[in-house]
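**Student:** take this sequence and fold it.
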Amino acid sequence: MKIFFSTWLQNLGIACSIASLFTLFFRITDFAWVTKSVYYIPVFFVILFLLGLVIAEDVRKVFKRMFWYEKRKEKRPIWQVGIGFIFFLSQIGVIMVFSTGLTHLKLGGMPLFFVIAFMNAFIMTVIYEEIFHRKERVNNVSQ
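**Tutor:** Numbering: from 1, shown residues only. A predicted model of the protein is given here:
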């Protein structure tokens, strides 16, 4: 059950990243009319999110093959980076699509939403590891 929920969470993050980044790209082009909103939710985002859910599993598998995940002896560092990146991109995308007012705040010249998203992604990756990979870590320590 943990593996199913872990995969579902990853696919959800990938679909959210895909939908929000494509919505943002269309919003800043001449095709901004495509991103009309209903109750502050862009219809284009919803359509792309549903399509993203369909292709997210394939995207995950392609990245696993591309980084030779199955051939690695120590798989932990690469999945941590992957999960952290999924969390980071989905947060950035959601802020860029739904809360553009937060993009103007700066911390020492760096947009504050980048800093907060990075910290959140780090914390979420640690929580993710505690929930889904605790058994692997305990077994490796005892050996």
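
**Student:** and the helix or strand encompassing C16, what's buried?
**Tutor:** Assigned by DSSP states H and E, C16 belongs to helix 2-27. Within helix 2-27, the residues that count as buried by 16 or more other Cβ atoms under 10 Å are 6, 9-24, 26-27. (Glycine included, C-beta is placed from N, CA and C.)

**Student:** give the pairing partners of whichever helix or strand comes after that helix; include direction for each.
**Tutor:** Following helix 2-27 in sequence order, the next helix or strand is strand 37-38 (DSSP H and E). Its sheet considered, strand 37-38 pairs with strand 41-42 (antiparallel) by DSSP bridges.

**Student:** model confidence over the strand it pairs with, on average?
**Tutor:** Strand 41-42 shows an average pLDDT of 84 in the prediction.

**Student:** that one: how far from the chain's middle?
**Tutor:** 19 Å (Cα atoms, centre = their mean, to the nearest Å).

**Student:** kindly report the same for stretch 71-90.
**Tutor:** For stretch 71-90, the separation from the chain centroid amounts to 11 Å (computed by Cα atoms, centre = their mean).
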